[in-house]
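1. pasting the structure only:
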Ligand code: SF4
């Protein structure tokens, strides 16, 4: 790589300063921004509205893209999953999920993850490194270009969820920078209201997020109704236990806009966290804190190295009914892209730890 300056994560203002440092007029910065974000171009050579000489200098000094697609899989249900590589050869996973009225792109905030959730394959990679704002934006650019063609306006709205590999709140600065760049009306124009970021429970950052204007929606991965079980499933609980986490959620709740709610994600693991008693414990926990949150029950995607199986459908339904009967709005997430391992960390971890397990339907990079 000729330079480490990646312009995909730059705001219009930063690009203006960058082109000025090259002795160019400010409007060139705006042209580059529109080229990278709105036209979703991934090389300066494609920006034919720039003088040839400037394109050559940009190629010397900076990069318009850094991620490459290592593999791409398309599920029978239309879900597309990408395993990308950074310039230093680290895995990045992104999933594109088409739905009737909108598309959802699930992006990663880190390569690997330092947290050790026992139901997650990404955990087995450990933290490889946090992604830059440019690498976060690029995932969206690549997924949209692949689904619709380079620069073609998506026919539906695009929602983003920060639920791919990594703990977003351990990379909050880069994440927020990427979200600000993507919200620009002259670029991708995906506003924070269309973005949900999920945390395993980094309490101080939940409180920081609450104070930010133009913040995304918040989701918390709970996975257990008691500290004993959560300590086991999500060791971050030993640092910030449930009482502390839910008190932070209560603080966050005070900053919600009218009609806005935050979400608790609850992965359903057969015989581990899905009993009727645990449903009642969860309802009581949320009600005791008077949280107006909703709960998403997530089907677990089984994978060989993980010691868990998904809860049967009837068990999930029963769990949902108990929560609902205690006044908790509860939704059951449909599994998407199961045939291509479209769950958190599944592709990269399979690649890194067990190459022989890769059998999804590949249609090439
Ligand atoms: S579930 Fe999320 S936070 Fe936990 S190890 Fe996996 S990627 Fe990290």
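-> Right, received. Where do you want to start? Because the structure is a prediction, the values reported are computed rather than measured. Numbering: from 1, shown residues only.
2. Spit out the contact partners of residue 220.
-> Residue 220 makes contact with 198, 199, 201, 206, 245, 249, 262, 263, 264, 265, according to Cβ atoms under 8 Å, 6 or more residues apart in numbering. Bear in mind the C-beta positions are built from the backbone N, C-alpha and C, glycine included.
3. out of those residues, which are inside helices?
-> Secondary structure assignment by DSSP state H places 206, 245, 249 of these in helices.
4. Which residue, neighbours along the chain excluded, lies closest to the last one?
-> The shortest distance from residue 249 to any non-neighbouring residue, by Cβ to Cβ, 6 or more residues apart in numbering, is to residue 291 (5.9 Å).
5. Could you do the first one as well?
-> Leaving aside its sequence neighbours, residue 206 sits nearest to residue 248 (Cβ to Cβ, 6+ apart; 4.4 Å).
6. Show the contacting residues for the one you found.
-> Counted by Cβ under 8 Å, 6+ apart, residue 248 has contacts 203, 206, 207, 240.
7. could you redo the last one with a cut-off of 6 Å?
-> Residues near residue 248 by Cβ atoms under 6 Å, 6 or more residues apart in numbering: 203, 206, 207.
8. those helices in the stretch 251-365 of the chain, which residues are they?
-> Ranges of helices in the stretch 251-365 of the chain, per DSSP state H, counting those that start in this stretch, are 276-288, 313-325, 346-353.
9. can you give me the angle the first one makes with helix 313-325?
-> For helix 276-288 against helix 313-325, the angle between stretch directions is 30 degrees (axes from the mean of the first three to the mean of the last three Cα atoms, to 10 degrees).
10. which other helices and strands contact helix 276-288?
-> On a contact count with 3 or more Cβ pairs under 6 Å, 6 or more residues apart in numbering; DSSP states H and E, helix 276-288 meets helix 313-325.
11. for the helix it packs on, packing partners?
-> So helix 313-325, by 3+ Cβ pairs under 6 Å, 6+ apart, packs with helix 276-288, strand 329-332.
12. at 8 Å what do you get?
-> Packing partners of helix 313-325 (3 or more Cβ pairs under 8 Å, 6 or more residues apart in numbering; DSSP states H and E): strand 263-268, helix 276-288, strand 294-299, strand 329-332.
13. what does the protein have sitting close to the ligand?
-> For the chain, the residues in contact with the ligand (Cβ under 6 Å from any ligand atom) are 113, 115, 117, 120, 122, 123, 165, 166, 167, 200, 344, 345.
14. repeat that with 8 Å
-> Within reach of the ligand by Cβ under 8 Å from any ligand atom, the chain has these residues: 110, 113-117, 119-123, 163-167, 198-200, 221, 234, 236, 344-345.
15. In strands only, show me these.
-> Among the residues of the chain next to the ligand, the ones falling in strands (DSSP state E) are 110, 198, 199, 221.
16. circling back: rebuild the ones in helices among the contacts of residue 220 as TSV, extending it with pLDDT.
-> Formatted as TSV, the ones in helices among the contacts of residue 220 follow (pLDDT from 0 to 100):
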residue	pLDDT
206	96
245	97
249	95
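17. mind listing the helices for the stretch 101-250 of the chain?
-> 133-148, 172-183, 203-211, 227-233, 242-253.
18. Low-confidence regions, the chain specifically.
-> For the chain, the stretches with pLDDT under 70 are 1-4, 336-365.
19. Name the residue closest to the centre of it, please.
-> When Cα atoms, centre = their mean is applied to the chain, the residue found nearest the centroid is residue 162 (2.0 Å).
20. State the distance from the closest residue to it other than its chain neighbours to residue 271.
-> What sits nearest to residue 162 in space, not counting adjacent residues and going by Cβ to Cβ, 6+ apart, is residue 197, at 4.0 Å. Residue 197 is 30 Å from residue 271, where distance means Cβ to Cβ, to the nearest Å.
21. Compare neighbour counts for these two and give me the winner.
-> Set side by side, residue 197 and residue 271 show more neighbours around residue 197, with 24 against 10, by other Cβ atoms under 10 Å.
22. Distance of the more buried one relative to residue 14?
-> Distance from residue 197 to residue 14, counting by Cβ to Cβ: 22 Å.
23. Also residue 205?
-> 24 Å.
24. The two: who's more crowded?
-> Using other Cβ under 10 Å as the criterion, residue 205 and residue 14 rank with residue 205 on top: 19 against 15.
25. List the contacts of the more buried one.
-> Contact analysis of residue 205 by Cβ under 8 Å, 6+ apart lists 169, 170, 172, 199.
26. got a winner among those residues for most neighbours?
-> Using other Cβ under 10 Å as the neighbour test, the contacts of residue 205 are led by residue 199, with 25 neighbours.
27. Setting the sequence-adjacent residues aside, check what's closest to that one.
-> Nearest to residue 199 is residue 169, by Cβ to Cβ, 6+ apart, at 4.6 Å.
28. got it, and residue 298?
-> For residue 298, the spatially nearest residue (Cβ to Cβ, 6+ apart) is residue 267, at 4.6 Å.
29. Which residues lie in contact with the one you found in this structure?
-> 119, 221, 223, 273, 298, 299, 300.
30. contacting residues for the closest residue to the ligand within the stretch 151-300 of the chain?
-> Here the stretch 151-300 of the chain gets closest to the ligand at one residue, residue 200, 4.0 Å apart by Cβ to the nearest ligand atom. Residue 200 makes contact with 115, 117, 167, 221, 234, 236, according to Cβ under 8 Å, 6+ apart.
31. Tell me, how many residues neighbour the last one?
-> Other residues near residue 236 number 22, with proximity taken as other Cβ under 10 Å.
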